[in-house]
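>>> Sharing a model that was predicted from the sequence below.
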Amino acid sequence: MADQVQDLTPQEVSMGMEEGRFLLVDVREPNEVATEAYPGGVVVPLSTFDPAAIPDPEGKQVVFACRSGKRSVTASLAAQAAGLPYDKHLAGGILGWKAAGLPTRVGG
């Protein structure tokens, strides 16, 4: 079965973003992102999720993220079902990101 989602740790995602290897796609809703956002993430809410709305990653690997790691798996599977090779997500979501001591910013 091709539909699988690879868990990445907050440290792996943060380092990959710093190195320019990952594009973080935040699938939380605008009201959630307005309160607290991932630095450098792009927002494509799951409620209106369209894989075509994901910006061109320009050679980077797409990594989905949400609050706790559930919606990001859903988004990855939906993208794969649409024929996109986006099989990575941030395990633990923004909760895990903050628990790892990584920075967030206010406002999407």
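Looks like it came in fine.
>>> rest of the way, CA atoms for contacts and neighbours
OK.
>>> Next, give phi and psi for the closest residue in space to L8 that isn't next to it in sequence.
Take L8 and drop its neighbours on the chain: the residue closest to it by CA to CA, 6 or more residues apart in numbering is L90, 5.1 Å away. For L90, the backbone dihedrals (degrees, to the nearest 10) come out as phi -80, psi 110.
>>> How about V62?
Dihedral angles of V62 (phi, psi; degrees, to the nearest 10) stand at phi -80, psi 130.
>>> which residue sits closest to it in space, ignoring its chain neighbours?
Nearest non-adjacent residue to V62, counting by CA to CA, 6+ apart: L23, 4.8 Å away.
>>> Quickly find the element holding the one you found.
strand 22-26 (DSSP states H and E).
>>> SS state for the residue positioned nearest the centre of the chain?
Centroid-nearest residue in the chain: F64, 2.2 Å away (criterion: CA atoms, centre = their mean). Secondary structure for F64, judged by DSSP: H, G, I helix; E, B strand; the rest coil, is strand.
>>> just to revisit the earlier point, contact partners for the residue nearest to V62?
By CA atoms under 8 Å, 6 or more residues apart in numbering, the contact set of L23 is M17, G41, V42, P57, K60, Q61, V62, V63.
>>> again, only this time at 10 Å
L23 makes contact with 13, 16-17, 40-42, 54-64 under the criterion CA atoms under 10 Å, 6 or more residues apart in numbering.
>>> of those residues, buried ones?
Listed as buried from those are V13, G16, M17, G40, G41, V42, Q61, V62, V63, F64; burial here means 16 or more other CA atoms under 10 Å.
>>> Of those, which belong to helices?
Of these, the ones assigned to helices by DSSP state H are V13, G16, M17.
>>> Of the residues you listed, which is the nearest to Q4?
V13 (17.8 Å; CA to CA).
>>> hang on, isn't that closest one packed against G96?
No. Using CA atoms under 10 Å, V13 is not in contact with G96, being 11.3 Å away.
>>> and for these two, which residues touch both?
Shared contacts of V13 and G96 (CA under 10 Å, 6+ apart): L90.
>>> just to revisit the earlier point, so after the strand holding L23, what's the next helix or strand?
Heading C-terminal from strand 22-26 (DSSP H and E), you reach helix 30-35.
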